[in-house]
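Engineer: no sequence on this one, just coordinates:
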């Protein structure tokens, strides 16, 4: 863990209301897929009671030559400063932190259950696994309202072509509000949805990332399926 200065190189909208911010990777900065950092604004034009720093998952994979986080663009001072930030602006990064990482035993499948911006650590892990040609089975179930709201959707679907051990299962809960077509799953993630891809639900290690209500719902489903609590790892993402 160290403190770095990171310079904004680009930003782009990756879903409706969600923007990804890309920073030049500092020399010597090393992290493991799934970790996070604390980003702090330097002399921001405005501030509020929520402060000048936020914790974000490092959504970039370690092999990539940049650091990236993605966030919902709420109307707070921090987010307003981010939205208007010019390229070349520096932030302070305190990182890496966290132990939300892929397990080492390649014989045990990994199942990610994500919702909304909870996809960010999963992106890092899925891309790094493909890059490293890891042999273990990885399933990513990602729940969103609509395709328009789904960050990194095309990218995460495309990784399946690169990694035969990886399966992406996207599901949409409000397709009636979408202007796009969607041929994947619809509705919330359920036990029966999991069973379409996983023969024995008690075998994998599960990684649940998303809003508190989703994390609780997924844990309940897994508990009722007989999954050992030691095989469930969670990270709750509040609504910032």
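Structural biologist: Nice, thanks for sending it over. Model, not experiment: these values are computed from the prediction.
Engineer: Kindly report the domain assignment for the protein.
Structural biologist: 2-97, 110-236 (automatic domain parsing).
Engineer: Run through the bridge partners of residue 90.
Structural biologist: residue 7 (DSSP bridges).
Engineer: Now for it, how many residues are close by?
Structural biologist: For residue 90, the neighbour count with other CB atoms under 10 Å is 16. Backbone N, C-alpha and C define where each C-beta goes, glycine included.
Engineer: for it, what are its contacts?
Structural biologist: 5-8, 42 (CB atoms under 8 Å, 6 or more residues apart in numbering).
Engineer: I'd like the distance between it and residue 80.
Structural biologist: According to CB to CB, to the nearest Å, residue 90 and residue 80 sit 18 Å apart.
Engineer: quick one on the thing from earlier: buried members of the contacts of residue 90 into ChimeraX, please.
Structural biologist: Selection of buried members from the contacts of residue 90 for ChimeraX, criterion 16 or more other CB atoms under 10 Å:
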select :6,8
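Engineer: quick one: which of the contacts of residue 90 is nearest residue 172?
Structural biologist: residue 8 (31.7 Å; CB to CB).
Engineer: distance of the closest one from residue 68?
Structural biologist: According to CB to CB, residue 8 and residue 68 sit 11 Å apart.
Engineer: same check, this time on residue 173
Structural biologist: From residue 173 to residue 68 the distance is 26 Å (CB to CB).
Engineer: okay, those two: which has more neighbours?
Structural biologist: residue 68 (24 against 17).
Engineer: re earlier: with distance to residue 103 and mean pLDDT as added columns, please give the domains of the chain in CSV.
Structural biologist: What follows is these, written out as CSV (distance: least, CB to CB, whole Å; pLDDT from 0 to 100):
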stretch, distance to residue 103, mean pLDDT
domain 2-97, 11, 97
domain 110-236, 5, 97
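Engineer: Same list (those domains) but as a markdown table, adding distance to residue 104.
Structural biologist: Listed next are the domains of the chain as a markdown table, based on distance: least, CB to CB, whole Å:
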| stretch | distance to residue 104 |
| --- | --- |
| domain 2-97 | 11 |
| domain 110-236 | 9 |
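Engineer: Distance of the residue nearest the centre of the chain relative to residue 183?
Structural biologist: Geometric centre of the chain, nearest residue: residue 120, 1.7 Å, by CA atoms, centre = their mean. Look at residue 120 and residue 183: by CB to CB, they are 25 Å apart.
Engineer: likewise residue 32?
Structural biologist: For residue 32 relative to residue 183 (CB to CB), the value is 34 Å.
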